[in-house]
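S.K.: Quick one, structure for this:
(chains A and B)
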Protein chains: 2
Amino acid sequence: MEQFLAEAKEASRVFNTISGAEKNRILREMANALRESSANLIKANAIDIADGEKNNLSSALMDRLLLDEKRIDAMAVAIEEIAALKEPVGRVLEGWVTEDGLKIEKVSIPIGVIGIIYESRPNVTSDTAALCFKSSNVCVLKGGKEAQNSNEAIAKILQTILEKNNLPKSLISLIPDSSREGVAKLIKMDKYVDLIIPRGGAGLIKYVSDNATVSVVKHDKGQCHTYIDKDAKIDDAIKIAINAKVQRPGVCNAMETLLVDSAIAKETLPLLKAEFDKAHTELKGCKETQAIIDVANATDEDYDTEYLANILNIKVVNGVEGAVEHIVRFSSGHSEAIITQNVTTAEMFLNAIDAAAVYLNASTRFTDGGAFGFGAEVGISTNKLHARGPMGIEGLTTYKFKIYGSGQIR
Amino acid sequence: MEQFLAEAKEASRVFNTISGAEKNRILREMANALRESSANLIKANAIDIADGEKNNLSSALMDRLLLDEKRIDAMAVAIEEIAALKEPVGRVLEGWVTEDGLKIEKVSIPIGVIGIIYESRPNVTSDTAALCFKSSNVCVLKGGKEAQNSNEAIAKILQTILEKNNLPKSLISLIPDSSREGVAKLIKMDKYVDLIIPRGGAGLIKYVSDNATVSVVKHDKGQCHTYIDKDAKIDDAIKIAINAKVQRPGVCNAMETLLVDSAIAKETLPLLKAEFDKAHTELKGCKETQAIIDVANATDEDYDTEYLANILNIKVVNGVEGAVEHIVRFSSGHSEAIITQNVTTAEMFLNAIDAAAVYLNASTRFTDGGAFGFGAEVGISTNKLHARGPMGIEGLTTYKFKIYGSGQIR
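M.R.: Here you go, the predicted model:
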């Protein structure tokens, strides 16, 4: 593993010699190669699918695993879209002249070698490889065991294009040892690896955070809340609450707990229940909620659970202070919303809550790179530093200061 | 320790209720309190000084430890300068409207609770506390054992002002257990601590990096190089090399190794030696250097040593490629310089070298917050992510997205 990563680090220097136009041409070649190899890819994927059936993977997982002509074309299109992004490296982020006459430029540069740990969907392999290549980073990919054959086939196609262009294939590679021990080694190789991005279950994230000596940008859970204030437009509030929970319950920006101001609970909860019943949402509630509508009991454990399913906790709180109190205790710092027409209450909430995205009068479902207008997305970071929230391709860059002098000394 | 940090985290929320004007007034009160308590401070410092003499601290360390009226006034002035800085929290870093009509603001916010581990100089205690307070962060300070009495006296004065203003004194506090075990606990408390900044020797930095689960911004060593290219103005080159080594050898942005292009080594090395001899610099050199001037032998271990003293390695290299090769191997990513008049060579070097600051025709000694024009400085980060190089007060902030909607759903 060490030898492999040392080569990856060494290979990263080749990016100094490739222009943006060349990178984009190579990315488009990769997209075409994926399309042309779709028969091979589908064959490799069939092995994973057969294994998945043998191992009784859930139908949701099986669906995420499957590759067909249409999905392979979508992977190619995603690479072409990444090729079309503005060059992320070499942007002058700031520039000034110092009192000593030094001209300083703060310039975006690649991070270096990035290890990415992810699960099931094979398209993540090509998306991530393309994002890293576009931003002049070497990527070391560790996909899920269940997609191993598909991921290997995809990586091989991309590597063939690298070699055709006289580039080292280690610019895009799968981790050579994908066992737990392999991952344990990878996350401690700070001499060669500059960043680890874990995307996956809570166990994986915690393991990586606790054990890595390399910097980590987490993609952790979204324990998202929506608070309906007494000064809310109730129609908007119901529409937003339903959307935040029901439109796609299995994603990290979906709402898990709805907080309702005690001043309006009596009128509002029955209206909410009627709508959630239509959407077949399983409701749980606090004692005050249960006194008004007929729902199961919600425990502290429920308030701490990311259901990723059509299940919702409801809690009656004492105004915006009560809402903030609950959110501070249970938030995972992802996305939190307030529904109100009162500007003072709104700003109080938006300022008090420490989350990547804080919303006024909108659904938490908007927290993603596409909705934010970032184009391609690396993921949604729950880190507090480096990249927070929707992480565009700039999240794969850092910076250095270039200082132009004319003989200055101190 | 956990109880203490939980209180610190809880206390951080009070910053939501203090205006910038109040923070600045309180900072100025702290500055005055330091001046008014100078007799007490000097008394506490005298205990550290006496202990230092007993423990045979070096004269350099003793000098750094000493507090007198003048130095206490300088500490007060530093706090007043920090009070005069622009408010770092609540700045709108970017803002736009999405296709869905959501107004998004990317806003600077405090990081939260910051643990800072540092050594000897007591003024770091007041500087750091003031920088954290100004940026609405709670600080947990772990100073050097040798300055314990001075640091406690300073913290107590600052805490008195907090309490006078009805603020929790845990906003500025010394770590309750300053033993190795205390530090070991602190750096794993990611539930309450958002960032650890270690400033000190290589052992400390490595220990913290290897063991922390909290994010770390390192202030590690400066293994800085200057490369004199064959197209350099030789007068400038000599002047810059002398300055980079001699002006203040004990700091991290001082040069440790001078690289000289083989094409000009024969003429240039004797000129350099004459000037370095005048400055009483101890010179070591590679074989090629030793064939031209009379210096001791430089080993790979020397090339890897941050002398922090008036000692210099000299190495003859094969043009800019040779310089880059050597720097890639030995650089600590702090500050690296090239002296040349050739634009192609210059850009090749500035792009190829991955360091916080890369210089053309200037001394590496300029890498600091003051020289960069940042005002007060937290330190010089050798991290690749979050803050890199001179770290101004913005380095103590992160951001969140505030999203203003009018009923949007997906």
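S.K.: and A:A337, what are its bridge partners?
M.R.: A:T226, A:Y359 (DSSP bridges).
S.K.: That one - how many residues pack around it?
M.R.: Neighbourhood size, A:A337 [other Cβ atoms under 10 Å in any protein chain shown]: 32. C-beta: built from backbone N, CA, C; applies to glycine.
S.K.: so who does it touch?
M.R.: Contacts for A:A337 (Cβ atoms under 8 Å, 6 or more residues apart in numbering or on different chains) come out as A:224-227, A:240, A:244, A:255, A:358-364.
S.K.: how close does the closest residue to A:E119 other than its chain neighbours get to B:E53?
M.R.: Residue nearest to A:E119 in three dimensions, not counting chain neighbours: A:G144, with 4.2 Å by Cβ to Cβ, 6 or more residues apart in numbering or on different chains. Plainly put, A:G144 is 63 Å away from B:E53 if you go by Cβ to Cβ, to the nearest Å.
S.K.: who has more neighbours, the two?
M.R.: A:G144 (21 against 10).
S.K.: so that one makes contact with A:I117?
M.R.: No. Contact criterion Cβ atoms under 8 Å: A:G144 and A:I117 do not qualify, at 9.3 Å.
S.K.: Can I get the contacts of A:A337 in JSON lines including pLDDT, neighbour count and distance to B:L174?
M.R.: JSON lines is the format used below for the contacts of A:A337 (pLDDT from 0 to 100; neighbours: other Cβ atoms under 10 Å in any protein chain shown; distance: Cβ to Cβ, whole Å):
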{"residue": "A:C224", "pLDDT": "98", "neighbour count": "30", "distance to B:L174": "37"}
{"residue": "A:H225", "pLDDT": "98", "neighbour count": "27", "distance to B:L174": "36"}
{"residue": "A:T226", "pLDDT": "98", "neighbour count": "27", "distance to B:L174": "41"}
{"residue": "A:Y227", "pLDDT": "98", "neighbour count": "28", "distance to B:L174": "38"}
{"residue": "A:I240", "pLDDT": "98", "neighbour count": "27", "distance to B:L174": "46"}
{"residue": "A:A244", "pLDDT": "98", "neighbour count": "29", "distance to B:L174": "44"}
{"residue": "A:M255", "pLDDT": "98", "neighbour count": "28", "distance to B:L174": "42"}
{"residue": "A:V358", "pLDDT": "98", "neighbour count": "24", "distance to B:L174": "33"}
{"residue": "A:Y359", "pLDDT": "98", "neighbour count": "32", "distance to B:L174": "39"}
{"residue": "A:L360", "pLDDT": "98", "neighbour count": "22", "distance to B:L174": "40"}
{"residue": "A:N361", "pLDDT": "98", "neighbour count": "22", "distance to B:L174": "44"}
{"residue": "A:A362", "pLDDT": "98", "neighbour count": "29", "distance to B:L174": "44"}
{"residue": "A:S363", "pLDDT": "98", "neighbour count": "31", "distance to B:L174": "45"}
{"residue": "A:T364", "pLDDT": "98", "neighbour count": "28", "distance to B:L174": "40"}
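S.K.: Relative to chain B, which of those residues is nearest.
M.R.: A:A362 (2.8 Å; Cβ to the nearest Cβ).
S.K.: May I ask you to confirm that the closest one is in contact with B:F401?
M.R.: No. The pair A:A362 / B:F401 is not scored as a contact, 11.6 Å apart, by Cβ under 8 Å.
S.K.: Now do the strands in the stretch 251-400 of chain A.
M.R.: For the stretch 251-400 of chain A, the strands defined by DSSP state E, counting those that start in this stretch occupy A:255-261, A:282-285, A:296-297, A:311-317, A:335-339, A:357-362, A:379-381, A:389-391, A:397-408.
S.K.: among these, which is nearest B:K185?
M.R.: strand A:379-381 (26.7 Å; Cβ to Cβ).
S.K.: what packs against that closest one?
M.R.: The contact analysis (3 or more Cβ pairs under 8 Å, 6 or more residues apart in numbering or on different chains; DSSP states H and E) places strand A:379-381 against strand A:389-391.
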